[in-house]
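[1] could you look at this predicted model? Sequence included:
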Amino acid sequence: MKNLQKINQIRNIGIIAHIDAGKTTVTERILYYTGRSYKIGEVHDGEAVMDWMVDEQERGITITSAVTTCEWKNCEIHIIDTPGHVDFTIEVERSLRVLDGAVGVFCAVGGVEPQSETVWRQADKYMVPKIAFINKMDRVGADFFRTVQMMRERLNATPLLLQIPMGREDGFRGILDLVAIKQVQWETDDPNGGVEVVEVSDEFKDDVMAYRDQLIEQVADVDDAIMELYLEEKPIPNDILVAAIRRATLGLKAVPVFCGAALKNKGIQPLLDAVVHYLPSPVDVPPMQGHHPETQEVLTITPKEKGPLVALIFKVSMMEGRKMSFVRIYSGTLVSGTDVYNPSLKKKEKISRIMRMHANKRERVESAAAGNIVGVVGLKDSSTGETLCDVDTTVMLEKMEFYRPVISISVEPRTRDDQEKMDQVLAKLMAEDPTLQVNQDKDTGQTILSGMGELHLEIIISRMKREYNTSVNVGKPQVVYRETLAKEAAATAVFDKEVAGQRHFGEVRLVVRPLPRGSGPVFRAEAPVDEVPEGFVKAVEQGVRETMEYGQLMGYPVVDVEVVLMGGSWKESVGSDLAFKVAASMASREAFQKGDPYLLEPIMDVEVYVPDAFMGEVIGDLSARGGKIESISAKADSQNIAAIVPLSKMFGYATALRSASQGRGNFTMKFSHFDKV
């Protein structure tokens, strides 16, 4: 592929949508019609170019965002095909951070589905201009105009219909272009996409002119140049209308809408034209803002090939055992074999090789200029969200935000070989995926793996086995309880024994009292010095604290209890640390048993974000789990429910919430306090 020099001939776009709307199918057709692939790979056959991981091919879903490059009408298009499943939403988030435009794919039958809302809002957050492609027009139940209405209601978007379909379901045979006033039809199921552009037939003429008038009215509302011509009732030439639609799209005032049936190879060429005509090049979007890491001075980064280097690592992937960093270059030129500076780590890194990516295949290039998305080999310590710049021009871009994990499992190695590899493998997977967390629970000794959902963790376990040959057993993480006392109690214990030929004597008298929640274990000494000399108090405290690590009820740590040393006795020459430590341990065990011990369980702070329509069901479910609703507040078009819920009742909640809210709810959870079971 020739290296296009002009930055305004580059398009960095993402294909975003709900799972199964047809993102990967659309991308496969784009690759075929732009000449990037010699044959069309089908998702259902496990042969899609962009779904190259074994798990993706087996399940027929996209798991990881894949980058590719193709060319259409003298424009170089970098495409990121993103996942649609909510568990992999971080892949969409970090892709949108570096993209200039997006194509939202909607199923004409399902309309605007839950994850479509999520990815659309992510694109809004990063101010990414969008066009919409309503796919599957040939399916039973397809309804173009209902989907457009759902875009208005659910996404608060302003759709601009640049096409309307000719027929629907089995009768879908082409599209009517409202800008060019042409009829576009395809030879049935022809993989070569035999496009025929003809004059609009009499059957559709009235519809086309009516919808074109609507389109011009809508554009006039957001564009002064068209408004002027419209009010003067002058004819509006196509090139002026296209330029106005482009301005409205780049200004986030409207979303051009297209339609087709990707599986039947219909609608892809006009969609590619739309990417070139309406989506921005790197010079059409507002310049990135960065700051100097030491002075905090705000710096504006202009997209110029000759400028200072500024690039962002938006993804790290282990490919064939090597670390590949995916980089978006905002300014300057990245050159193979040179040093770059990472201001986050305050160190230099070497660029060994630069790769132009095509899913999991790559083509080596010597340099890449501003506007490009490339793979880089050789960065040892740099990770996702970090900036690369010139050594003498230091600038730092805003770091990326990552979601907190919401679901956990425990993992343990199956064999001794797996034990040695497991920690290394998990470290590599965490480097790739910032939403994956691994913690060692000091109370249970379990390795806890946390992620965004059950499918997310299932894929991680599968990848450990397939890619790294490491097998693990999976279980629910144990809930770590605590023990405390219901009432005050006292106990006395004497240790008087001969150990290793030497007599040891010590008597300890203790009182234990319950304390308010969150006080922790407390030890105080009030014994007269003649009963327990100061030198032995430390041994008594050690004996008490060791006993408190394992309660008398179920062996959990004892908390919110005060232990007071009231008195005791000792004998000259036979009093010892050992005697007082053991006596203290015996006395505290007896006192804990007398104090009516009971269990405390971890209570979690849970925040649930859910559309208004599902609030009642979600609140009912939280109450059934023993939760207490703390507050409910409105946020945009959803409700924010704050509750406290026992951790033991929260296993599987991610799945339950998705079922209760048709996949449109999400939640965060963190530890709050311990309370009585």
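    Looks like it came in fine.

[2] which residues does Arg356 bridge with?
    Assessed by DSSP bridges, Arg356 has beta-bridge partners Glu363.

[3] pretty sure it sits against Val374.
    Yes: with contact defined as C-beta atoms under 8 Å, Arg356 reaches Val374; the gap is 6.1 Å. Every residue, glycine included, has its C-beta placed from N, CA and C.

[4] between these two, who's got more neighbours?
    Of the pair Arg356 and Val374, Val374 is the one with more neighbours under other C-beta atoms under 10 Å, namely 24 against 21.

[5] specify the beta-bridge partners of the more buried one.
    Val374 has the following beta-bridge partners by DSSP bridges: Val327.

[6] for it, what are its contacts?
    Phe326, Val327, Ile329, Leu334, Ile354, Met355, Arg356, Met357, Val365, Ala368 (C-beta atoms under 8 Å, 6 or more residues apart in numbering).

[7] if you count neighbours, what's buried in stretch 291-300?
    His291, Leu299 (16 or more other C-beta atoms under 10 Å).

[8] pull the helix or strand with minimum mean pLDDT from this protein.
    When the helices and strands of the chain are scored by mean pLDDT, DSSP states H and E, helix 54-59 comes last with a mean of 51.

[9] overlap in contacts, Arg356 and Val374.
    Counting by C-beta under 8 Å, 6+ apart, the shared contacts of Arg356 and Val374 are Val365, Ala368.

[10] give the helix, strand or coil label for the residue nearest to Ala490 when sequence neighbours are not counted.
    Nearest non-adjacent residue to Ala490, counting by C-beta to C-beta, 6 or more residues apart in numbering: Val511, 4.7 Å away. Put simply, Val511 is strand when judged by DSSP: H, G, I helix; E, B strand; the rest coil.

[11] could you report the pLDDT at Val511?
    Listed pLDDT for Val511 reads 95.

[12] near it, how many other residues are there?
    19.

[13] what does Pro611 give?
    Residues near Pro611, counting by other C-beta under 10 Å, number 18.

[14] can you check the one 3 residues further on too?
    One way to gauge burial is a neighbour count; for Phe614, by other C-beta under 10 Å, it gives 19.

[15] need the helices for the stretch 451-600 of the chain, in chain order.
    454-468, 534-548, 577-594 (DSSP state H, counting those that start in this stretch).

[16] correction: the previous question concerned the stretch 51-200 of the chain.
    54-59, 89-98, 114-125, 144-155.

[17] so where's the stretch 1-150 of the chain uncertain?
    For the stretch 1-150 of the chain, applying pLDDT under 70 flags the ranges 1-5, 37-65, 83-91, 114.

[18] next one: the stretch 551-677 of the chain
    635-637, 670.

[19] again, 90 this time
    Scanning the stretch 551-677 of the chain for pLDDT under 90 picks out the ranges 551-557, 570-576, 600-616, 630-642, 646-677.

[20] coming back round to it: reformat the contacts of Val374 as CSV; add pLDDT and distance to Leu565.
    CSV is the format used below for the contacts of Val374 (pLDDT from 0 to 100; distance: C-beta to C-beta, whole Å):
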residue, pLDDT, distance to Leu565
Phe326, 87, 62
Val327, 90, 63
Ile329, 91, 68
Leu334, 88, 68
Ile354, 89, 70
Met355, 85, 69
Arg356, 84, 73
Met357, 77, 69
Val365, 86, 75
Ala368, 88, 71
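
[21] for the protein, identify the residue most remote from the centre.
    In the chain, Glu572 marks the outermost C-alpha relative to the chain mean, sitting 67.6 Å out by C-alpha atoms, centre = their mean.

[22] now it: how far from Gln502?
    14 Å (C-beta to C-beta, to the nearest Å).

[23] follow-up on the earlier one: what pairs with the residue nearest to Ala490 across the strands?
    In this entry, Val511 is beta-bridged to Ala490, Val564, by DSSP bridges.

[24] need the contact list for it.
    Glu488, Ala489, Ala490, Val563, Val564, Met566, Ala591.

[25] report the contact partners of the second one.
    By that I understand Ala489. Contacts for Ala489 (C-beta under 8 Å, 6+ apart) come out as Val511, Val512, Ala591, Phe592, Lys594, Gly595.

[26] who does the helix ranked longest in the chain touch, helix- and strand-wise?
    Across the chain, the longest stretch assigned as helix under DSSP state H is helix 202-222. In terms of contacts (3 or more C-beta pairs under 8 Å, 6 or more residues apart in numbering; DSSP states H and E), helix 202-222 is packed against strand 159-161, strand 163-166, strand 174-177, helix 224-231, helix 238-250.

[27] who wins for proximity to Pro308 among those?
    Nearest to Pro308, of all the helices and strands packed on helix 202-222, is helix 238-250, at 25.9 Å by C-beta to C-beta.

[28] with that, I have no additional questions.
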